[in-house]
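Asks: take this sequence and fold it.
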Amino acid sequence: MSPSRDAPPPSIDDQRKRIAEAERTGAIDPAANLMHHRVWLFSGASDRTVASQVVDALAGFCGAHAGAANIFLAFW
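Replies: Here you go, the predicted model:
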């Protein structure tokens with residue numbers, strides 16, 4: 001995963017639209033089911049597989065659906 005200016009991670013609004021469509025078609029369960037679940041995200045400065053931009057976008061997604069207080073980020 002190598003986001004760039006030309007291919008950044010999707011915005012929260014774009015994610016919400018895609019999720020709503022996937023929920024509507026039955027491709028996924030409702031994202032509301034994530035509310036109140038704890039989410040741990042781990043990332044490291046030397047991580048060459050998943051860029052920090054991707055972890056940040058995932059944290060935003062999870063915060064929007066599970067509640068920001070339930071998101072735990074661990075960077076090393």
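Asks: quick check: closest non-adjacent residue to the spatially most central residue of the chain.
Replies: For the chain, L58 is the residue whose C-alpha lies nearest the centre (CA atoms, centre = their mean; 2.1 Å). Nearest residue to L58, sequence neighbours excluded (CB to CB, 6 or more residues apart in numbering): L41, at 6.2 Å. From N, CA and C alone the C-beta is placed, and that goes for glycine too.
Asks: returning to what we had before: return the distance of the residue nearest to the centre of the chain relative to Q15.
Replies: According to CB to CB, to the nearest Å, L58 stands 9 Å off from Q15.
Asks: same deal with W40?
Replies: From W40 over to Q15 (counting by CB to CB), the distance is 19 Å.
Asks: show me where this protein has its strands.
Replies: 39-43, 71-75 (DSSP state E).
Asks: now the angle between strand 71-75 and the first one, please.
Replies: Interaxial angle of strand 39-43 relative to strand 71-75 (axes from the mean of the first three to the mean of the last three CA atoms, to 10 degrees): 20 degrees.
Asks: same for strand 39-43, what does it pack against?
Replies: helix 52-66, strand 71-75 (3 or more CB pairs under 8 Å, 6 or more residues apart in numbering; DSSP states H and E).
Asks: ok, now the last one?
Replies: The contact analysis (3+ CB pairs under 8 Å, 6+ apart) places strand 71-75 against strand 39-43, helix 52-66.
Asks: and C62, how many neighbours?
Replies: For C62, the neighbour count with other CB atoms under 10 Å is 22.
Asks: then the worst-scoring helix or strand of the chain on mean pLDDT to PDB, C-alphas only?
Replies: Lowest on mean pLDDT, DSSP states H and E among the helices and strands of the chain sits helix 52-66, with a mean of 85. Only the C-alpha atoms of helix 52-66 are listed here, as PDB (Å, rounded to 0.1, in the frame of the first residue of the first chain):
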ATOM      1  CA  SER A  52       1.200   5.700   7.900                       C
ATOM      2  CA  GLN A  53      -1.400   7.500   5.700                       C
ATOM      3  CA  VAL A  54      -3.300   4.200   5.400                       C
ATOM      4  CA  VAL A  55      -3.200   3.700   9.100                       C
ATOM      5  CA  ASP A  56      -4.500   7.300   9.600                       C
ATOM      6  CA  ALA A  57      -7.300   6.700   7.200                       C
ATOM      7  CA  LEU A  58      -8.200   3.400   8.900                       C
ATOM      8  CA  ALA A  59      -8.200   5.200  12.300                       C
ATOM      9  CA  GLY A  60     -10.600   7.800  10.900                       C
ATOM     10  CA  PHE A  61     -12.900   5.100   9.500                       C
ATOM     11  CA  CYS A  62     -12.900   3.100  12.700                       C
ATOM     12  CA  GLY A  63     -13.400   6.300  14.800                       C
ATOM     13  CA  ALA A  64     -16.400   7.100  12.700                       C
ATOM     14  CA  HIS A  65     -18.000   3.700  13.200                       C
ATOM     15  CA  ALA A  66     -16.700   2.400  16.500                       C
END
